[in-house]
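K.L.:
can you look at this prediction? I've put the sequence above it.
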Amino acid sequence: MKPGVSSLRLRLPVFVFAVEVMIVGLFASFVTYDEQADHKFQTNETRPMDNAVYKDYTFFADIHQVMIFIGFRYLLAFSRLYGFGGMFFNFLVASFSIQSAILVQGYFQFSHDGKIQLGVINLINAEFACPVVLISFGAVLGKTSLLQLLVMALLEVPAFAVTEWAVLKYLKINDAGGSILIHLFACYFGLGVTFVLYRPRLNEGDVKENTSYQSDILAMMGTLFLWVFWPSFNSALTLKGDDQNRAILHTFIGLCASTITAFALSALLNKNGKLSMADIQNGTLGGGVTVGASVDMMILPAAAYALGTVGCTACMLGYKYLSPLLAKWFGIQDQCGIHNLHGLTGLISCTAGICAIIMANEEVYGPSLYDTFRHRVPKEGDPKLLELQALIPGLQPGLGRTTREQAAAIFSTIAVAAIGGMLTGVVLKMPYLASPSDDLCFDDQLYFDVPLDSYLALKLNEATDKEETIA
């Protein structure tokens, strides 16, 4: 029996069952229904079609069923000897993260009289916490045990939820597409973890990391699912109506732009002029991230197109030139290149969001400018305030969506994520968590009963690759 297999036989079940008992106890003590799910609030005047399930469940289904449990699962199955781990570790970690997020986010955002009011909107918020963990997971893919990944999720979800609560409550930023709180937090948390878990022997690469024809097709399927449903992800938590409409339009335009750019750059950057599956799998999604921070604003379709092009370009150049430098000079082994698809594009998105705030004016937004950007509302005593209050009842000066708040949110989120990731990496080094040895990284046989016929064929290809590398 290979080393590392028996070590999970008791440790994993003990950990999982202990956490399940804790979650059941917390649900029993603190979780109840919200008003739209609790039958005692139903009356003869209740209109079932006004229930939140008809307004929000479609977005939840797109994110939950398709993006998280299909898109991410297939996208992480690119390694030819680690397809099971990429897909099914994702399955368990995602399910675990959602349960944790319901409790932690509920405590900060949905609690009332000491109870968490559970409804569809809670599930959507929990779904937004889930990709944070899965993106970070990409930085250590194949180099950690399932037990390490569960502990990583257990620590990351509360860190994300607290950061999200603090940033939204006190800085009141606009982050409709999650560029700051999802993409940047997930990226720098994952990089913090992989920095601490640095493996010098893997710096030159491992032939088991290579893809196969079948694994590339699976990963491309994941990309397609994410691409098609990304507009739902970027628009789910925006204000209903024209804001949500713009979010869908901008995301679609940005994704189309990044897709065309990905094919062109892939051919250009390849010395043989051929297309790379890795370029297509990742570069095509760059536009979905870069439009995120300004996705519901009046940035105009041309700007969304430009952001999609710039995001894809940054992503692909990062894969080709930046990732090797990070591994060589800084000890950051970013397995899936999350810094390129989520970090660089997230920073571009945040910069674009700040520019969109600066450029917003009444000519473009009309009187709604002051409802959206409360810091621009005239002060008490200004005659214009009375005019605006006649159009927008209850309008008062306030905070939110200022460039200073956006910048503060960016830097504080990155700092908290990086520090939290490094501290989590220290915890993951505990021997009890059964970290795989360097020789057994990126190998499904360590954790799964693998069909031997297919596995032996893949191992034969691996041996051939090693001989070619030596030659």
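P.N.:
Right, received. Where do you want to start?

K.L.:
where does the protein dip in pLDDT?
P.N.:
The model of the chain has pLDDT under 70 over residues 1-7, 44-45, 205-206, 398-400, 452-471.

K.L.:
rerun at 50
P.N.:
Low-confidence segments of the chain (pLDDT under 50): 1-6, 468-471.

K.L.:
mind listing the strands for it?
P.N.:
All strands of the chain, identified by DSSP state E, fall at 31-33, 111-112, 115-118.

K.L.:
save the ones you listed as CSV, and put in distance to Asp216 and mean neighbour count too.
P.N.:
Heads up, the C-betas are built off the backbone N, CA and C, glycines and all. As requested, the strands of the chain are arranged in CSV below (distance: least, CB to CB, whole Å; neighbours: other CB atoms under 10 Å):
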stretch, distance to Asp216, mean neighbour count
strand 31-33, 42, 15
strand 111-112, 45, 12
strand 115-118, 40, 20
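
K.L.:
wait, which of the ones you listed is closest to Ile357?
P.N.:
strand 111-112 (31.1 Å; CB to CB).

K.L.:
strand partners of the closest one, parallel vs antiparallel please.
P.N.:
Here strand 111-112 has these sheet partners by DSSP bridges: strand 115-118 (antiparallel).

K.L.:
which among the strands of the chain is found nearest to Gly287?
P.N.:
Nearest of the strands of the chain (CB to CB): strand 115-118, 34.1 Å.

K.L.:
run the chain-centre distance for the closest one.
P.N.:
In this view, strand 115-118 has its centroid 25 Å away from the chain centroid, taken as CA atoms, centre = their mean, to the nearest Å.

K.L.:
in contact with Ala77, which residues?
P.N.:
Ala77 is in contact with 83, 86-87, 215, 218-219, 222, counting by CB atoms under 8 Å, 6 or more residues apart in numbering.

K.L.:
how far away is it from Val66?
P.N.:
According to CB to CB, to the nearest Å, Ala77 stands 16 Å off from Val66.

K.L.:
can you check Ile135 too?
P.N.:
Per CB to CB, Ile135 is found 17 Å from Val66.

K.L.:
try Leu184
P.N.:
24 Å.

K.L.:
biggest helix in the protein by residues?
P.N.:
For the chain, the helix that runs over the most residues, judged by DSSP state H, is helix 242-269.

K.L.:
buried set for that one?
P.N.:
243-244, 246-259, 261-262, 264-266 (16 or more other CB atoms under 10 Å).

K.L.:
cool, stretch 230-238 as well?
P.N.:
Buried residues in stretch 230-238, counted by 16+ other CB under 10 Å: 230-238.

K.L.:
of these, closest to Val426?
P.N.:
Phe233 (32.0 Å).

K.L.:
ok, and the closest non-adjacent residue to the closest one?
P.N.:
Excluding the flanking residues, the one nearest Phe233 by CB to CB, 6 or more residues apart in numbering is Ile63, at 5.6 Å.

K.L.:
what separates the closest residue to Glu405 other than its chain neighbours from Glu164, distance-wise?
P.N.:
Once flanking residues are discounted, Glu405 sits nearest to Leu171: 4.4 Å by CB to CB, 6+ apart. Noted for Leu171: a distance of 11 Å to Glu164, by CB to CB.

K.L.:
is Leu118 bridged to anything, and to what?
P.N.:
Tyr33.

K.L.:
check contacts around it.
P.N.:
When contacts are counted by CB under 8 Å, 6+ apart, Leu118 touches 31-34, 37, 102, 106, 110.

K.L.:
now swap in Thr309 and tell me
P.N.:
Counted by CB under 8 Å, 6+ apart, Thr309 has contacts 257-258, 261, 287.

K.L.:
in those residues, find the pair that's most separated.
P.N.:
Largest separation among the contacts of Thr309 by CB to CB: Thr261 and Gly287, giving 8.2 Å.

K.L.:
so who does the closest residue to Ala278 other than its chain neighbours touch?
P.N.:
Nearest residue to Ala278, sequence neighbours excluded (CB to CB, 6+ apart): Tyr319, at 7.0 Å. For Tyr319, the contact set (CB under 8 Å, 6+ apart) comprises 278-279, 282, 337, 340.

K.L.:
Val24: which of the residues you listed is nearest?
P.N.:
Once CB to CB is applied, the member of these that ends up nearest Val24 is Gly337, at 37.9 Å.

K.L.:
the closest one: neighbour count?
P.N.:
When neighbours are defined as other CB atoms under 10 Å, Gly337 has 21 of them.

K.L.:
quick one, phi psi at it?
P.N.:
phi 70, psi 40 (degrees, to the nearest 10).

K.L.:
okay, Leu171 and Glu164: which has more neighbours?
P.N.:
Neighbours of Leu171 and Glu164, each counted by other CB under 10 Å, are more numerous for Glu164; the result is 26 against 21.

K.L.:
which residue of Leu184 and Val66 possesses the greater neighbour count?
P.N.:
Set side by side, Leu184 and Val66 show more neighbours around Leu184, with 27 against 17, by other CB under 10 Å.
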